[in-house]
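*Asks:* coords below, sequence missing:
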Ligand code: AMP
Ligand code: ZN
Ligand code: FE
Ligand code: FE
């Protein structure tokens, strides 16, 4: 009964639209998948509608970017009330901050003599949450960089000439936002942010799960996070962080899954 608990769509910086992701998940034999786009729930309803047709379960989710002590920490939220006004207001604010930030990055690029048009970036991002991958795609389209990776390496990565930091909340605030919307907060890929020192405090503040299984974690690292999760009473979760075919070193949908009991535990505890 495998479930992929971390999947992106075109509602943020994923390549597949929500319907296609659901169809792919079904074809792979998954029993459920969580849609976890950056700062938006827009992909959830179309995925849930497709899930009825494909006879698979979609778990509503989100991935919030936070910062603590200079480190970027991602917090996943599952099973929130999709109509909670405070939550919707807050994520809409986060998305507006993303638009402002990309606008500032475009200005920096123009100052560097690189012709890039904000409107093109917004067309590439579509209705969803705009991010640096969309700006990178615009640079590739304009022939400024050969690949998305090159666009990040030369211009968009932290410390690069066009980089502008994005507004981010503290992980405690993200945990509380998700809890207040009736959701289940999980620290995403702790191995990518090297943030295990935060786990005791976040568990105290209402964190309920830890994404121990992620393609970026070695087997040893996953075991380490499983032990930490047990120590702090957190549910162990995992997912692929799929962004689309050919994206991010070819990580495929379902590359990391957990048993459906994880979802059942969330539903009974969240
Ligand atoms: P943003 O949320 O706008 O800061 O963009 C972050 C996203 O950019 C991450 O979710 C990654 O998918 C992507 N990303 C970050 N660094 C790189 C990189 N070096 N190459 C390609 N994609 C990257
Ligand atoms: Zn992403
Ligand atoms: Fe993440
Ligand atoms: Fe992600």
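*Replies:* Now that the structure is in, tell me what you want to look at. Please read these numbers as outputs of a predicted model, since none were measured by experiment. Ligands and ions are numbered 1, 2, ... in the order given.
*Asks:* Contacts made by the helix or strand harbouring residue 6 with the rest, please.
*Replies:* Secondary structure assignment for residue 6, by DSSP states H and E: strand 2-7. Outside of strand 2-7, the residues that reach it under the criterion Cβ atoms under 8 Å, 6 or more residues apart in numbering are 14, 21, 25, 29-36, 59, 61, 63, 76, 78, 186, 188, 211, 214, 237-242, 253-254, 256-260, 262-263. Placement of C-beta: from N, CA and C, glycine included.
*Asks:* Restricted to strands, list the residues you listed.
*Replies:* 32-36, 59, 61, 63, 76, 78, 186, 211, 237-238, 258-259 (DSSP state E).
*Asks:* Of all pairs in those, which one spans the longest distance?
*Replies:* Spanning the widest gap among the ones in strands among the contacts of strand 2-7 are 63 and 259, at 21.5 Å by Cβ to Cβ.
*Asks:* okay, those two: which has more neighbours?
*Replies:* Taking other Cβ atoms under 10 Å, residue 63 and residue 259 do not tie; residue 63 has more neighbours (25 against 13).
*Asks:* Next one: the closest residue to the more buried one other than its chain neighbours relative to ligand 3, how far apart?
*Replies:* Nearest non-adjacent residue to residue 63, counting by Cβ to Cβ, 6 or more residues apart in numbering: residue 36, 4.6 Å away. The spacing between residue 36 and ligand 3, counted by Cβ to the ion, to the nearest Å, is 8 Å.
*Asks:* With residue 202 instead?
*Replies:* Residue 202 sits at a distance of 16 Å from ligand 3 (criterion: Cβ to the ion).
*Asks:* which residues touch whichever residue of the stretch 51-200 of the chain sits closest to ligand 4?
*Replies:* When distances are taken as Cβ to the ion, the stretch 51-200 of the chain approaches ligand 4 most closely through residue 63, which lies 4.8 Å from it. Contact partners of residue 63, counting by Cβ under 8 Å, 6+ apart, are 6, 8, 12, 36, 37, 38, 39, 74, 75, 76, 77, 188.
*Asks:* hmm, try it at 7 Å
*Replies:* Residue 63 makes contacts with 36, 37, 38, 74, 76, 188, as judged by Cβ atoms under 7 Å, 6 or more residues apart in numbering.
*Asks:* Going by neighbour count, list what's buried in stretch 37-53.
*Replies:* Neighbour counts using 16 or more other Cβ atoms under 10 Å place 37-44, 46-48, 50-51 of stretch 37-53 among the buried residues.
*Asks:* all helices of the protein, in order?
*Replies:* 18-27, 44-54, 85-111, 118-125, 132-141, 148-151, 171-180, 190-193, 199-204, 219-231, 261-269 (DSSP state H).
*Asks:* count of neighbours near the residue in the stretch 151-270 of the chain that ligand 1 sits nearest to?
*Replies:* Ranked by Cβ to the nearest ligand atom, the top residue of the stretch 151-270 of the chain for proximity to ligand 1 is residue 152, at 3.5 Å. Residues contacting residue 152 under the criterion other Cβ under 10 Å number 19.
*Asks:* just checking, it touches residue 137?
*Replies:* No. Contact criterion Cβ atoms under 7 Å: residue 152 and residue 137 do not qualify, at 11.2 Å.
*Asks:* okay, the buried residues of stretch 37-53 in a markdown table with pLDDT and distance to residue 203 next?
*Replies:* What follows is the buried residues of stretch 37-53, written out as a markdown table (pLDDT from 0 to 100; distance: Cβ to Cβ, whole Å):
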| residue | pLDDT | distance to residue 203 |
| --- | --- | --- |
| 37 | 97 | 25 |
| 38 | 96 | 24 |
| 39 | 95 | 24 |
| 40 | 96 | 26 |
| 41 | 97 | 25 |
| 42 | 96 | 30 |
| 43 | 97 | 29 |
| 44 | 98 | 26 |
| 46 | 98 | 34 |
| 47 | 98 | 30 |
| 48 | 98 | 30 |
| 50 | 98 | 35 |
| 51 | 98 | 31 |
